[in-house]
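Chemist: Pasting a predicted model and its sequence here:
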Amino acid sequence: MYIMEDDLKLNEWQFSQRKNLPYDVKVRLTEQRIREWYYNWDGKVYVSFSGGLDSTLLLHLVRKVLGKDIPAVFCNTGLEFPEIVQFARSASKNGNYVELKPDMNFKKVIEMYGYPMISKETAAKVRKLRHGKLSPRYRNYLLNGDERGKGYRLALKWHFLLNAPFDISEKCCDVMKKKPFKKYAKETGRLPYIGTTQDESYIRERLYAKNGCNVYDGNTIKSTPIGFWKKQDVLRYVYENNIPFCPVYGEIVKENETYRLTGEQRTGCMFCGFGCHLEKEPNRFQRMGVSHQKQYEFCMKPVNQGGLGLGYVLGFIGIPYETWEQNGQLNLFNNI
């Protein structure tokens, strides 16, 4: 077994130290964790490949360390940017590639569970409060907090969603991504490398701090060998190693030892509303209205007209989804 004691649990100073390691040390440590995972499972591993920048870097590292036989497994949910799908499939030119599809499409998911809006945590609380069989104590905890504090309660500003004429839910990712990957893992016996990084979210950051890179037991067995990398580390590695990446990100520009993308900063699912309320205009939907008009129209069109109905949902919540450019006025892209 290649389990490293520090990887099973990191205290606060260890986690802080690891995410601030020198860049070249981070690269070597990641390569070491990739090898440990591979040998622990006798090579029965795969790369969970989204076509995004982080997983592109991870796939490059895994193939550099272990060769081209490790499968790059992409789940085509139908929600990715068309450029992402095309780029993900290009991984087949340089090694083993597998493409999965979910059993349920996005329209069915939102009909059954609700729209992915605000955040996974908020959506889960709203779903539970609206449809869960909760004890009075737990319901009060979600609404108001209790002696344990108010940190986990539904924020007051989102209480209006409890009476919204539509549902919101965190279930989309479970149905359309996690389930197909779990099925693949069960059928093949392979365990995943996943390209999440330190900048992903507070919850993922805390999970990494708790578990380290490689989780060998429990409910979720996985390797996150770049889990302590920052976005600047990712951009630097891709830039310095001249790694091809999806054109939807534009280019990587280096300015005074700082790296930035000229296109989309994150990709993920095109129709996902998680975090959109925090974005400056033009937000992801406004940009989609200019860059991917066909997808935008399907996304915003009312459900009774064959669309997803997101225009109504965004408008109800107060998230802008039209640009002045769409209305024949000012191009907001000049303000990016």
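Modeler: Sure, I can see it.
Chemist: now the helices for the stretch 101-250 of the chain?
Modeler: Ranges of helices within the stretch 101-250 of the chain are 106-112, 120-131, 136-144, 171-173, 179-188, 202-211, 231-240, based on DSSP state H, counting those that start in this stretch.
Chemist: who wins for proximity to residue 318 among these?
Modeler: Between residue 318 and the helices of the stretch 101-250 of the chain, the shortest gap by CB to CB is with helix 120-131, which sits at 14.5 Å. All C-beta spots, glycine's among them, are computed from the backbone N, C-alpha and C.
Chemist: which residues touch stretch 123-136?
Modeler: Contact partners of stretch 123-136, identified using CB atoms under 8 Å, 6 or more residues apart in numbering, comprise 113-114, 116-117, 139, 142-143, 153-154, 158, 161-162, 167-171, 274.
Chemist: Need the buried ones from those selected in PyMOL.
Modeler: The PyMOL selection below is limited to those of the contacts of stretch 123-136 classed as buried (16 or more other CB atoms under 10 Å):
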select buried, resi 113+114+116+117+142+143+153+154+158+161+167+168+169+170+171+274
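Chemist: Pick the most deeply packed of the helices of the stretch 101-250 of the chain.
Modeler: Of the helices of the stretch 101-250 of the chain, the one with the most neighbours on average (mean count of other CB atoms under 10 Å) is helix 171-173, at a mean of 21.
Chemist: So what's the gap between that one and the chain middle?
Modeler: 11 Å (CA atoms, centre = their mean, to the nearest Å).
Chemist: How about stretch 43-58?
Modeler: For stretch 43-58, the distance from its own C-alpha centre to the chain's C-alpha centre is 13 Å (CA atoms, centre = their mean).
Chemist: buried ones in it?
Modeler: Applying a neighbour-count criterion of 16+ other CB under 10 Å, the buried positions in stretch 43-58 are 45-58.
Chemist: hang on, isn't residue 170 packed against residue 118?
Modeler: No. Shown here, residue 170 and residue 118 do not form a contact pair, counting by CB atoms under 8 Å, at 9.7 Å.
Chemist: ok, which stretches of this protein are strands?
Modeler: For the chain, strands defined by DSSP state E occupy the ranges 45-48, 72-75, 97-100, 117-118, 191-194, 214-215, 222-223, 252-255, 258-261, 273-274.
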